[in-house]
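Q: Predicted model and sequence follow; I will ask about them next.
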Amino acid sequence: ALEPYIDEETMHLHHDKHHNTYVTNLNAAIEKHPELGEKTVEELLADFSSVPEDIQTAVRNNGGGHANHTFFWEILGPNAGGEPTGAIKEAIEETFGSFEDFKEEFKTAATGRFGSGWAWLVVKDGKLAITSTANQDSPLMDGQTPVLGLDVWD
């Protein structure tokens with residue numbers, strides 16, 4: 001677990017229940033269109049306009065939930081965090097002025113999201129940017145690459 005920041009019960013609920021439901025529901029939607037079975041969830045979201053209309057809502061909600069949470073699990077760690085170093089530090093300072101300024105902008109994106117959603121640090125058009133998405137919408141759907149994500153519902 002990631003206590004004291006995220007308790008074991010919350011991690012269990014989100015990983016074993018919520019995330020599992022996203023995967024199950026996405027797979028059920030994809031079964032209706034076997035030609036999509038070879039695509040990754042990232043490919044489906046990045047080319048969302050090609051997803052058949054009858055499953056777009058399921059792919060948006062469940063594919064987004066799956067991709068967002070998979071990314072979230074990958075960036076979590078008991079000893080992760082702290083001040084950035086190297087190229088990411090330089091990019092943050094170039095874009096936002098300082099790490100402190102970045103944190104303030106990121107916090108504003110997170111606390112400004114009403115209800116369920118995410119705050120993101122993304123690469124957009126080759127540069128870092130902060131954005132926020134509703135519900136389980138993914139920045140991949142807008143051609144953006146996530147660098148850091150925060151589930152702001154929890």
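A: Everything's here; your move. As the structure is a computational prediction, the values presented were derived from the model and not from experiment. Numbers count the residues shown, from 1 in each chain.
Q: Show me what the lowest-mean-pLDDT helix or strand in the chain is packed against.
A: One helix or strand of the chain scores below all others by mean pLDDT, DSSP states H and E: helix 8-12, with a mean of 85. Helices and strands in packing contact with helix 8-12 are not found; criterion 3 or more CB pairs under 8 Å, 6 or more residues apart in numbering; DSSP states H and E. No exception for glycine: its C-beta is placed from N, CA and C like everyone else's.
Q: For that helix, C-alpha coordinates in PDB please.
A: C-alpha atoms of helix 8-12 as PDB (Å, rounded to 0.1, in the frame of the first residue of the first chain):
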ATOM      1  CA  GLU A   8      -4.900  -0.100   1.400                       C
ATOM      2  CA  GLU A   9      -8.700  -0.200   1.200                       C
ATOM      3  CA  THR A  10      -8.800   2.600  -1.300                       C
ATOM      4  CA  MET A  11      -6.100   1.000  -3.400                       C
ATOM      5  CA  HIS A  12      -7.900  -2.400  -3.300                       C
END
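Q: which is the next helix or strand following that helix?
A: The element immediately downstream of helix 8-12 (helix or strand, assigned by DSSP states H and E) is helix 20-30.
Q: contacts for the helix or strand just after that following helix?
A: Going down the chain from helix 20-30, the next helix or strand is helix 41-46, by DSSP H and E. With CB atoms under 8 Å, 6 or more residues apart in numbering as the contact definition, helix 41-46 has outside contacts at 26, 36, 51, 59, 63-64, 66-67, 70, 138, 140-141, 143.
Q: Stretch 99-112 too?
A: With CB under 8 Å, 6+ apart, stretch 99-112 has contacts from 83-84, 89, 92-93, 95-96, 119-121, 130-132, 148, 150, 152.
Q: Return the member of these nearest to Leu13.
A: Nearest to Leu13 among these: Val152, at 16.5 Å, using CB to CB.
Q: what's the burial count for the closest one?
A: 18 (other CB atoms under 10 Å).
Q: still on that earlier bit, which of the contacts of stretch 99-112 count as buried?
A: 92, 96, 119-121, 130, 132, 148, 150, 152 (16 or more other CB atoms under 10 Å).
Q: So which of the residues you listed sit within strands?
A: With DSSP state E as the criterion, strands contain 119-121, 130, 132, 148, 150 from among the buried ones among the contacts of stretch 99-112.
Q: would a markdown table of these with distance to Glu105 and pLDDT be doable?
A: Putting these into a markdown table (distance: CB to CB, whole Å; pLDDT from 0 to 100) gives the following:
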| residue | distance to Glu105 | pLDDT |
| --- | --- | --- |
| Ala119 | 10 | 98 |
| Trp120 | 12 | 99 |
| Leu121 | 9 | 98 |
| Ile130 | 5 | 99 |
| Ser132 | 11 | 97 |
| Leu148 | 12 | 97 |
| Leu150 | 12 | 94 |
